[in-house]
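Enquirer: model this:
(one chain, ligands or ions: 2)
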Amino acid sequence: MIDAILKKIFGTKHERDVKRMMPVVVETNALESALQALDDAALRGKTDELRKRLADGAEVDEVLPEAFAVCREAAGRSLGMRHFDVQLIGGMVLHEGKIAEMATGEGKTLVATLPAYLNALTGKGVHIVTVNDYLAKRDAQWMGPLYHALGLSVGVIQHEASFTYDPAFATPDIRMTALRPIDRRAAYQCDITYGTNNEFGFDYLRDNMRFSLDELVQRELHYGIVDEVDSILIDEARTPLIISGPAEESTELYYKIDRIIPRLKRAATIVEGKLSEIEEQREGDYIVDEKSKAVSLTEQGIASCERLLSVDNLYDPQHINILHHVQQGLRAHALYRRDVDYVVKDGEVIIVDEFTGRMMPGRRWSDGLHQAVEAKEGVRIERENQTLATITFQNYFRMYDKLAGMTGTAETEAEEFAKIYKLDVTVVPTNRTLLRVNHPDVVYKTEREKFNAVVEDIIKRNEKGQPVLVGTVSIEKSEAVSKLLKKRGVRHEVLNAKYHEREAEIVAQAGREGAVTIATNMAGRGTDILLGGNPDFLSKEILRKKGLDPATASGEDRGAAVAEARQITEPEHQRVVNLGGLHIVGTERHESRRVDNQLRGRSGRQGDPGSSHFYLSLEDDLLRIFGSQRIQRIMERLGMEEGEPIEHKLVTRAIATAQKRVENHNFEIRKHLLEYDDVMNKQREIIYGMRRQILDGESQADNVAEWIEDLVVGTLDSYAAEGAHPEDWDLGGLSEALHRQFDVKIPAAQYDEVVSREGLGELVSEAVKERYAQREHELGEELMRALERHEMLIVIDTQWKDHLLSIDHLKEGIGLRGYGQRDPLTEYKKEAFDLFQDMVERVKAIVVERLFKVQVVRDAPMDLPNITAWADAQESRGALPGEPRSGGWTPAASASAPASAPRPAPVPRTPTGEKIGRNDPCYCGSGKKYKKCHLLQQG
Ligand code: ADP
Ligand code: MG
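Expert: Ligands and ions are numbered 1, 2, ... in the order given. Here you go, the predicted structure:
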């Protein structure tokens with residue numbers, strides 16, 4: 001047996017991998033007879049024994065042979081399937097955190113049980129990731145008896161429900177057999193959890209939007225096994241997960257606040273001098289500080305606002321938002337000038353860079369200021385809907401301590417798996433020799449001729465009774481083939497990957513005599529096509545014909561139906577084998593060779609006979625856009641006649657070359673998406689880490705003390721710079737700022753006593769600390785600590801969402817800006833970093849200000865953020881704004897001009913867009929040549 005396996009292997013790297021594992025297979029096999037002697041209870045006892053050995057310090061690798069042997073023995077008893085030796089190898093590849101390439105029908109569902117069992121023994125949980133909900137449920141139900149026999153719990157995550165496998169659970173609906181509903185957290189607490197990539201990813205994002213620990217559903221991401229890994233980590237990786245929801249506040253509030261701003265009176269403006277010099281004018285509602293671009297309300301101003309807005313107390317926690325809006329509204333009116341700081345163009349407020357004078361489309365002021373300016377200008381306030389959380393699959397799956405994958409087709413994408421996920425691919429030999437015949441491609445001049453040939457091929461096979469599976473690249477093409485077949489009176493089924501459960505039933509019968517099935521790429525993936533039909537699925541049909549609902553039929557009826565089905569499928573199997581097995585017709589080459597191989601792989605499973613044939617035309621997108629010239633040349637050389645197809649190895653090779661080019665191009669797009677997401681990823685880690693700490697209940701007192709200290713230093717620097725003469729200190733401004741930020745009032749007499757900057761620092765610092773201590777005394781320590789965590793969480797969330805909005809806009813805008821030869825990604829990184837930095841500073845300032853000012857009514861329940869707001873959130877998958885959209889064809893131009901192509905040198909322009917020569921006098925009027933003046937600044 002072992003020799004036989006070795007003989008089938010080719011390719012030195014994979015050969016070496018497999019050779020290395022053979023001794024472990026031998027070792028596992030040697031344990032078999034001893035385990036066979038155990039009764040079921042003793043076999044289950046092995047689980048505890050192995051768990052204990054691990055707890056006592058044994059390495060997971062050390063117990064592998066025994067765990068595999070136990071799992072295999074239990075599989076034989078509970079599922080009637082004993083893992084083949086090649087499946088043990090597949091299991092080892094997965095355990096090593098690699099990708100096991102195993103052909104369709106090799107039994108990957110069963111393979112995954114080996115490493116899942118072994119790694120779940122550590123108690124940390126294993127996730128098995130499937131491409132759709134139907135498969136997650138199916139696999140859990142299918143493999144459930146095995147885990148159950150070994151005493152392991154199994155969870156299933158579905159889109160809006162979660163379950164655990166429990167054979168004792170009775171339900172009238174057999175589709176839900178043995179699935180007991182449990183809450184999501186409990187499903188994640190199971191030893192093994194089945195679910196889709198989407199659900200795992202969304203649960204992760206949702207967890208990071210929660211407000212208390214007991215709302216979190218996931219545990220640490222320990223070990224993930226991704227089924228159909230190419231589909232999930234490559235095809236789906238172009239579209240990130242996005243949770244979006246209504247923007248923070250209704251836009252109405254901005255307009256409402258905007259209307260009262262003109263009714264407030266300016267008390268003073270600090271331009272260069274000091275507030276103390278203009279102290280006597282303090283009659284009025286607000287003070288504008290042009291130096292620090294800040295506006296603050298006076299006592300009188302607060303009263304005015306309360307009156308104008310009919311609010312009793314602006315410092316009440318529930319109104320503190322309004323206060324913030326008023327401040328931003330005042331800034332918008334008093335400090336930001338149209339056509340200087342921004343322009344209004346096509347109903348949008350576009351920031352003008354204060355240094356270069358360039359317009360910065362896509363950039364937004366944060367924290368509600370941009371909206372306030374929009375309200376002031378009376379234009380539409382952008383974005384009712386915004387990103388609340390987002391992550392790419394790349395970054396989600398990279399968080400697992402260990403990641404593994406399995407699929408029938410991985411090798412063509414080995415480079416991407418290695419580069420992005422650090423996943424190696426090992427090709428595991430098949431259990432039986434593959435017999436499928438792959439015919440060389442035929443190419444027609446027109447699509448019409450091609451489809452005619454496809455139909456002829458189908459009819460020829462169908463007349464004999466040979467089953468045919470027709471693969472298409474789109475639903476539209478499926479419909480086209482379907483129409484032609486209808487015209488010719490050929491019965492057939494069409495699958496579009498829409499209704500997974502129903503389509504699984506249809507595709508399971510695609511191997512029946514005379515079946516013709518048309519399917520897009522993903523339709524029915526994961527469902528085994530048995531020649532002659534699948535008796536389990538067929539039995540349901542039989543029940544329905546008898547007027548019984550297969551979902552609720554009695555066990556007896558079901559057993560009888562399965563037996564009846566076998567009577568049909570067994571002889572039919574033999575007839576279909578004699579006809580040559582399942583024939584695959586490809587109606588187009590896909591962008592990626594992998595997807596074509598996937599289609600082909602549906603035939604010839606487990607040593608079945610089978611064949612495949614791809615039909616192409618020069619009008620197909622792939623040939624038209626990516627390979628036409630070359631292929632046309634070959635065609636001419638070979639002499640292609642009208643209406644006559646061409647079938648030649650050279651053509652097949654030219655097409656493969658075209659596909660490789662598209663694959664590379666698509667890889668570039670995914671890398672690009674990832675490069676952008678990587679910037680966010682670091683920021684996300686910091687924010688989510690901080691949130692987690694707060695939720696964990698860790699005291700934030702030290703953090704807060706540090707932030708206060710930072711702010712004190714910052715405030716001192718603005719009004720009494722280090723090294724400045726005491727006479728130049730702006731004590732009035734300082735006093736005003738201290739009052740604003742820390743609610744601190746230092747008597748003038750105390751300032752007078754200070755002679756050194758150090759002394760001033762001490763005075764201020766002490767006063768602020770004392771004020772904070774006083775607050776803590778008033779509220780009590782416990783409440784103060786709770787308030788700290790609470791304020792931090794709220795402010796972090798609000799600011800983070802606001803930041804995500806800025807990032808969205810940045811991404812949209814970055815491509816629009818003229819950066820000369822600078823790389824937009826570099827610019828993006830830089831700006832995203834700056835934005836984040838600003839956000840962190842804002843978080844600190846706002847949290848501190850609120851901690852000093854928010855009035856807490858004792859015994860009143862603390863007003864936790866409204867969780868229902870999240871409930872309105874929508875989940876979606878889509879290209880990040882500004883990213884290449886997914887799906888479909890990328891324009892030929894961008895494919896033939898790789899990203900590295902040199903860009904033409906930019907034509908120098910003035911900020912208003914006029915061309916300007918390098919030696920012309922600069923537009924700024926400096927008198928210098930342009931190249932020596934603003935050109936330098938533009939870089
Ligand atoms: P894959 O996911 O690799 O395409 P599946 O997990 O769907 O394959 O299994 C294909 C078929 O092979 C199933 O019908 C399963 O019952 C059968 N099978 C897998 N492993 C074994 C085994 N060790 N013994 C018997 N049948 C097996
Ligand atoms: Mg499968």
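Enquirer: Go through stretch 331-345 and flag the buried ones.
Expert: Buried residues in stretch 331-345, defined by neighbour count with 16 or more other CB atoms under 10 Å: Arg331, Ala332, His333, Ala334, Leu335, Tyr336, Asp341, Tyr342. (Each C-beta comes from the backbone N, C-alpha and C, glycine too.)
Enquirer: Validate this expectation: the first one resides in a strand.
Expert: No - when DSSP: H, G, I helix; E, B strand; the rest coil is applied, Arg331 is found to be helix, with no strand at that position.
Enquirer: which phi and psi does Val744 have?
Expert: Main-chain dihedrals, Val744, degrees, to the nearest 10: phi -110, psi 140.
Enquirer: What is the burial count for it?
Expert: For Val744, the count of nearby residues is 20 (other CB atoms under 10 Å).
Enquirer: repeat for His665
Expert: 17.
Enquirer: Please tell me how far it sits from ligand 2.
Expert: Per CB to the ion, to the nearest Å, His665 is found 29 Å from ligand 2.
Enquirer: Can you verify that residue is assigned to a strand?
Expert: No - counting by three-state DSSP, one finds His665 to be helix, located in no strand.
Enquirer: quick one: it and Gly329, what's the gap?
Expert: Distance, His665 to Gly329, by CB to CB, to the nearest Å: 48 Å.
Enquirer: Looking at the buried residues of stretch 331-345, spot the one nearest ligand 1.
Expert: Tyr342 (57.4 Å; CB to the nearest ligand atom).
Enquirer: show me the contacts for the closest one.
Expert: The contact partners of Tyr342, taken as CB atoms under 8 Å, 6 or more residues apart in numbering, are Tyr336, Val349, Ile350, Ile351, Val352, Val373.
Enquirer: With secondary structure, pLDDT and distance to Gln693 as extra columns, can I get these in JSON lines?
Expert: Below are those laid out as JSON lines (DSSP: H, G, I helix; E, B strand; the rest coil; pLDDT from 0 to 100; distance: CB to CB, whole Å):
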{"residue": "Tyr336", "secondary structure": "coil", "pLDDT": "92", "distance to Gln693": "36"}
{"residue": "Val349", "secondary structure": "strand", "pLDDT": "89", "distance to Gln693": "37"}
{"residue": "Ile350", "secondary structure": "strand", "pLDDT": "86", "distance to Gln693": "38"}
{"residue": "Ile351", "secondary structure": "strand", "pLDDT": "83", "distance to Gln693": "34"}
{"residue": "Val352", "secondary structure": "strand", "pLDDT": "80", "distance to Gln693": "40"}
{"residue": "Val373", "secondary structure": "helix", "pLDDT": "93", "distance to Gln693": "35"}
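Enquirer: These into JSON lines, with extra columns for distance to ligand 1?
Expert: Converted to JSON lines, the contacts of Tyr342 look like this (distance: CB to the nearest ligand atom, whole Å):
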{"residue": "Tyr336", "distance to ligand 1": "60"}
{"residue": "Val349", "distance to ligand 1": "54"}
{"residue": "Ile350", "distance to ligand 1": "53"}
{"residue": "Ile351", "distance to ligand 1": "53"}
{"residue": "Val352", "distance to ligand 1": "58"}
{"residue": "Val373", "distance to ligand 1": "57"}
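Enquirer: Just confirm Val595 contacts Asn521, I think it does.
Expert: Yes - counting by CB atoms under 8 Å, Asn521 is a contact partner of Val595 at 5.5 Å.
Enquirer: Give me the more crowded residue out of those two.
Expert: Each of Val595 and Asn521 has its neighbours counted (other CB under 10 Å); Val595 has more, 23 against 18.
Enquirer: Check which helix or strand the more buried one maps to.
Expert: helix 593-600 (DSSP states H and E).
Enquirer: What helices and strands are in contact with that helix?
Expert: Other helices and strands packing on helix 593-600, by 3 or more CB pairs under 8 Å, 6 or more residues apart in numbering; DSSP states H and E, are strand 582-586, strand 610-617, helix 649-695.
Enquirer: Among the buried residues of stretch 331-345, which pair sits farthest apart?
Expert: The largest distance within the buried residues of stretch 331-345, taken as CB to CB, falls between Ala334 and Tyr342 and amounts to 14.3 Å.
Enquirer: what number of residues lie near the closest residue to ligand 1 within the stretch 601-750 of the chain?
Expert: Minimum separation of the stretch 601-750 of the chain from ligand 1 (CB to the nearest ligand atom) falls at Gln606, amounting to 6.4 Å. Gln606: 17 surrounding residues under other CB under 10 Å.
Enquirer: next one: Glu252
Expert: By other CB under 10 Å, the residues close to Glu252 number 10.
Enquirer: do Glu456 as well
Expert: Applying other CB under 10 Å, we find 11 residues neighbouring Glu456.
Enquirer: so what's Asp289 scoring on pLDDT?
Expert: Asp289 carries a pLDDT value of 78.
Enquirer: quick one, phi psi at it?
Expert: Dihedral angles of Asp289 (phi, psi; degrees, to the nearest 10) stand at phi -110, psi 100.
Enquirer: and it, what does it touch?
Expert: Counted by CB under 8 Å, 6+ apart, Asp289 has contacts Thr269, Ile270, Leu275, Val295, Ser296, Gly733.
Enquirer: ok, how many other residues are close to Glu782?
Expert: A total of 8 residues lie near Glu782 under the criterion other CB under 10 Å.
Enquirer: any idea how far it is from Glu776?
Expert: Noted for Glu782: a distance of 10 Å to Glu776, by CB to CB.
Enquirer: Next, count neighbours for the closest residue to Ala561 other than its chain neighbours.
Expert: Counting by CB to CB, 6 or more residues apart in numbering, the nearest residue to Ala561 once its immediate chain neighbours are dropped is Ser539, at 3.9 Å. Residues contacting Ser539 under the criterion other CB under 10 Å number 24.
Enquirer: Does the strand or helix carrying Ser539 reach ligand 1?
Expert: Per DSSP H and E, Ser539 falls inside helix 535-545. No - against ligand 1, helix 535-545 shows no contacts by CB under 6 Å from any ligand atom, the least distance being 9.3 Å.
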